[in-house]
Each structure stands twice: as C-alpha cells, then as structure tokens.
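this one's sequence-less:
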C-alpha cells in the first residue's frame with residue numbers, strides 16, 4: 001500500500017472514531033472567512049472543549065459509509081463544498097451553536113453556515129435551526145424545572161403534615177398538663 005492510501009485510510013479511521021465516540025457533531029461551512037476569523041472561531045471552540053477539524057467530503061463520506069448506522073445517512077446530502085467538523089462530549093451540545101450565533105452577530109455575516117448538527121440524538125439542518133439548538137436544555141436544567149413544578153404541591157403536603165403533627169403534640173401536652181394538675 002502506498003503512502004497516500006495509508007494516509008487516507010488513517011484519516012477515514014480517525015473520522016470513524018470521531019463520529020462513533022462523540023455525542024455532539026456539527027458540520028459547518030467556513031469558506032469565505034479570513035484566517036483571522038477562523039483562528040478566532042477555533043479559539044472560541046477550543047475554550048469550550050469543542051474540537052474543530054477541516055475534512056474532505058470524500059473521506060467523510062467513506063467514513064459514514066463504513067459506520068453501520070442509518071441515522072448518519074442524513075449527512076450525505078449536505079457533503080458539498082467546504083466542510084469543517086466540530087465535535088465534543090462536554091456540556092449539552094448547544095455551545096457550538098451559541099458561538100456560531102454570537103459570531104454571526106459580531107461579524108454581521110451568516111458564516112459559518114451550519115450544514116447539519118447532531119445534538120442529543122437529534123438532527124438540525126441549516127442556520128435556521130441554530131436557535132433551536134441554543135434553546136436545548138441540559139438534563140440538569142430539566143430536573144430543576146421538574147422539581148420547581150413539584151415544589152409547591154410537595155411543600156403544601158409537608159406543611160399540612162407538620163401542622164397536623166403540631167396539633168397532635170399540642171393535644172398530648174395539654175392532656176399531660178391536665179393529668180399533672182389533678
């Protein structure tokens with residue numbers, strides 16, 4: 001096997017590893033950005049434990065074909081033009097979308113363009129879905145919301161229990177005090 005083939009096979013295996021082992025995957029298009037803008041984005045992603053890798057569509061397609069998962073078939077249709085891979089296992093998966101959206105606002109452009117994102121076992125396509133990704137709540141946030149909802153009824157039950165217990169204790173103390181008086 002020549003050097004070029006070995007290198008391509010190694011890249012395919014690396015992409016398979018990334019796609020198989022990371023919970024959050026974004027495919028974005030960063031074409032037409034300056035090197036300074038790309039460096040700025042790379043640093044922002046790195047600050048939040050999001051790795052960034054420019055990939056060749058043909059190698060990414062080969063990698064996706066080797067993974068036996070129908071859920072990744074959604075990626076094939078968007079493998080055109082410049083493709084950059086973002087991947088992470090940290091947080092709730094919406095940090096990449098927040099960084100992209102903030103960059104859009106700062107630079108007043110719609111680049112980087114979100115091709116597709118796989119976040120919390122769901123797919124999101126295009127910049128139109130950035131807001132949906134940003135508004136995803138973490139498991140901890142959902143648990144807090146549920147506890148807040150349950151807090152009021154539980155609090156009422158506990159207070160009524162304490163009040164009834166207080167009345168019983170007061171009644172027992174009154175009975176004991178009247179026995180001592182006799």
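Perfect, I can see it now. Small disclaimer: the values here were computed from a predicted structure and weren't measured. Numbering: from 1, shown residues only.

where do the strands sit along this structure?
Secondary structure of the chain, counting by DSSP state E: strands at 24-29, 51-55, 83-88, 113-119, 122-125.

so for residue 144, which of those sits nearest?
Closest to residue 144 of these is strand 113-119 (C-beta to C-beta; 20.0 Å). To be clear about C-beta, it is placed using only N, CA and C from the backbone, and glycine gets the same treatment.

now for residue 44: which residues touch it?
Each residue near residue 44 by C-beta atoms under 8 Å, 6 or more residues apart in numbering is listed here: 99, 103.

what about it, distance to residue 112?
From residue 44 across to residue 112, the span is 11 Å (C-beta to C-beta, to the nearest Å).

got it, and residue 82?
From residue 82 to residue 112 the distance is 9 Å (C-beta to C-beta).

anything in contact with each of these two?
Listed as contacting both residue 82 and residue 112 by C-beta under 8 Å, 6+ apart are 29, 30.

the more surrounded of these two?
Using other C-beta atoms under 10 Å as the criterion, residue 82 and residue 112 rank with residue 112 on top: 26 against 17.

for residue 23, see how far away the more buried one is.
Counting by C-beta to C-beta - residue 112 and residue 23 are separated by 20 Å.

which residues sit against stretch 93-109?
23-24, 26, 28, 37, 40-41, 44-45, 48, 50, 86, 88, 110-112, 114, 117, 119-120, 127, 130-131, 133-136.

residue 62 - nearest residue in space that isn't next to it in sequence?
Once flanking residues are discounted, residue 62 sits nearest to residue 12: 5.2 Å by C-beta to C-beta, 6 or more residues apart in numbering.

equivalent analysis for residue 40, please.
Among residues not flanking residue 40 along the chain, residue 103 sits closest, at 7.7 Å (C-beta to C-beta, 6+ apart).

neighbours around the one you found, how many?
17.

so where's this protein uncertain?
Applying pLDDT under 70 to the chain flags residues 1, 68-74, 154-155, 158-159, 161-163, 165-167, 169-173, 176, 180-182.

mind listing what the closest residue to residue 132 other than its chain neighbours touches?
The spatially closest residue to residue 132, leaving aside those adjacent along the chain, is residue 124, at 6.0 Å (C-beta to C-beta, 6+ apart). Going by C-beta under 8 Å, 6+ apart, residue 124 touches 114, 116, 117, 118, 130, 132, 133.

okay then, goodbye and thanks.
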